[in-house]
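S.K.: I would like to see how this sequence folds:
(one chain, ligands or ions: 1)
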Amino acid sequence: MMKWNGIAAAVAFALILPAQADDAAERAAASQAAIQNFASTLQGELVAAMQKGGPVEAIDVCKQRAPEIAAGISEDTGWSVGRTSLKLRNPENAPDEWERAVLQNFDDRLAAGTPAAELTHQEVVTEGDDTVFRFMRAIPTGGVCLTCHGSELGGDIQHALERLYPNDQATGYAEGQIRGAFTVIQRM
Ligand code: HEC
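M.R.: Got it, this is the predicted structure:
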């Protein structure tokens, strides 16, 4: 009897595990697609605004459109999709405890040699009565980002940022560092 139970358990295990793995892979891929949509929409609008009105005008695009685009994708997917960071510009993007730990882990993995563009983390997390699938992808600091997140900001940019974000911590970055991360929560 023990033997059959063992075999039954082994069979059940073999059947369930790949199904769960498939489910996680699908959820991760869908999270990546939502993030890609967010990243490319925002990047497109940011670049267009920089070309049209210069960086000071583009600050308004980031302020207005980044939260709007995130809210739109969250509504379309039914998930929570956003951006976060350990050094914030907009305090509304503050990480929760889980996100903070993942961001710290990304910094550690970057220091150990993994390029920022390759850093992701996914996990099924129990939060109170809810079980959620959470996914994060690091956001590398590129050259164009330094205009508003670097060490030497133009005077007009600095003034605009001080006015809009009196507690801005999101400057002093160098190319290749992790500026923050996209974060997705899917209810299961
Ligand atoms: C024209 C100025 C400007 C440029 C260029 C810019 N940003 Fe930002 N960034 C902002 C502003 C303004 C916010 C605050 C947006 C908000 O209020 O949600 C912000 C917020 C962020 C956030 C959200 C976390 C936080 O600190 O609130 C991330 C992540 C981020 N930027 C990454 C980048 C990356 C990566 C690049 C380059 C591809 C970039 N930014 C280029 C102005 C800029």
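
S.K.: for the chain, what spans make up the strands?
M.R.: 80-84, 120-127, 130-140, 178-187 (DSSP state E).

S.K.: Out of these, which is closest to Gln20?
M.R.: Nearest of these to Gln20, taken as C-beta to C-beta: strand 120-127 at 8.8 Å. (Each C-beta comes from the backbone N, C-alpha and C, glycine too.)

S.K.: Kindly report the residues of the chain close to the ligand.
M.R.: Residues of the chain lying close to the ligand (C-beta under 6 Å from any ligand atom) are 55, 58-59, 62-63, 66-67, 83, 85, 88-90, 93, 139, 141-142, 144-145, 147-149, 170, 179-180.

S.K.: hang on, Ser74 packs against Pro67?
M.R.: No. Using C-beta atoms under 8 Å, Ser74 is not in contact with Pro67, being 10.2 Å away.

S.K.: excluding its backbone neighbours, what's nearest Pro55?
M.R.: Nearest residue to Pro55, sequence neighbours excluded (C-beta to C-beta, 6 or more residues apart in numbering): Thr147, at 4.9 Å.

S.K.: just so I know, which of the strands of the chain lies nearest Ala21?
M.R.: From the strands of the chain, taking C-beta to C-beta, the stretch that ends up closest is strand 120-127, at 11.5 Å.

S.K.: can you list the residues that contact the closest one?
M.R.: By C-beta atoms under 8 Å, 6 or more residues apart in numbering, the surrounding residues in contact with strand 120-127 are 24, 27-28, 31-32, 98, 102, 105-106, 131-138, 188.

S.K.: quick one: low-confidence parts of this protein?
M.R.: For the chain, the stretches with pLDDT under 70 are 1-18.

S.K.: tell me the phi and psi of Leu86?
M.R.: With angles defined as degrees, to the nearest 10, Leu86 sits at phi -80, psi -20.

S.K.: what about it, how many neighbours?
M.R.: Here the count is done by other C-beta atoms under 10 Å, and Leu86 has 18 residues near it.

S.K.: what residues are up against it?
M.R.: Pro95, Arg100, Leu103, Gln104, Asp107, Gly180.

S.K.: Would you confirm that the first one contacts Arg83?
M.R.: No. Taking contact to mean C-beta under 8 Å, the distance of 10.0 Å between Pro95 and Arg83 leaves them out of contact.

S.K.: Give the intersection of the neighbour lists for those two.
M.R.: In terms of C-beta under 8 Å, 6+ apart, Pro95 and Arg83 are both contacted by the residues Thr183.

S.K.: ok, for Asp177, nearest residue in space, not its chain neighbours?
M.R.: I think there's a mix-up here, since residue 177 is Gln and not Asp. Counting by C-beta to C-beta, 6+ apart, the residue nearest Gln177 is Thr141, at 4.8 Å.
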